[in-house]
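Q: quick one, fold the following:
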Amino acid sequence: MSGWESKLKAAESAQSSAIATLNADLAHKSKSASKGSVLSFKDENGNPYKVQAIQVIDPAQGADQYTTPNAGDRFVAVVFKITDTGSNQISDDANSNASIIASNDQSYTADFDNVSECTNFNDGEYQLAKDQSVTGCVVFQVPTDLKVTTVEWSPGFDENFGEWKVG
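A: Residues are numbered from 1 along each chain as shown. Okay, here's the model as predicted:
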């Protein structure tokens, strides 16, 4: 084996090792559960809280006759229960933290329309004192021919994220 071939083989081995370490690190940081399960998170100040994906409403109906999804899409709403489990007040925006994955492996972020089946917190925002809970939903628009496979919760400042498998 020539010098460049052994250097290439060593570089490939190092790359494979780095990828394996990254995948293990990501698996350690993510939490996966079935719909209805409760997952634990921390806010930007390290305060603990819990999130439960209670229900996926698919399809959801617009709040009134003027609220309709884009052509080729449908509304999907996910009902979440958020509980402050720490000793300090927490606040955040569920619309920023939640997303869904469809059968095309694409991520869909919150849509700001309202649906008739549930209320979107306070336009996504919530503020909770110790031991308080709030239930609300986040609405998405998803192409009609795709199936929702995963609901995700990812506080932007927390390396950990959680997901609930749908179906």
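Q: which residues touch the helix or strand containing residue 99?
A: Per DSSP states H and E: residue 99 is located in strand 98-102. Defining contact as C-beta atoms under 8 Å, 6 or more residues apart in numbering, one finds that strand 98-102 is touched by 76, 78, 80, 107-110, 138, 140, 142-143, 146-154, 163. Quick note: C-beta positions are derived from backbone N, CA and C, even for glycine.
Q: where does the prediction get shaky in the chain?
A: 1-30, 32-35, 156-159 (pLDDT under 70).
Q: tell me where it has helices.
A: Assigned by DSSP state H, the helices in the chain fall at 3-29, 94-97.
Q: quick one on the thing from earlier: distance between the strand holding residue 99 and the chain's centre?
A: 6 Å (C-alpha atoms, centre = their mean, to the nearest Å).
Q: pull up the pairing partners for that strand, direction included.
A: Partner strands and pairing direction for strand 98-102 (DSSP bridges) are strand 107-109 (antiparallel), strand 148-153 (antiparallel).
Q: what comes up buried for the first one?
A: Put plainly, it is strand 107-109. For strand 107-109, burial by neighbour count (16 or more other C-beta atoms under 10 Å) applies to residue 108.
Q: hmm, residue 148 is touching residue 56, no?
A: Yes: at 6.2 Å, residue 148 counts as touching residue 56 under the criterion of C-beta atoms under 8 Å.
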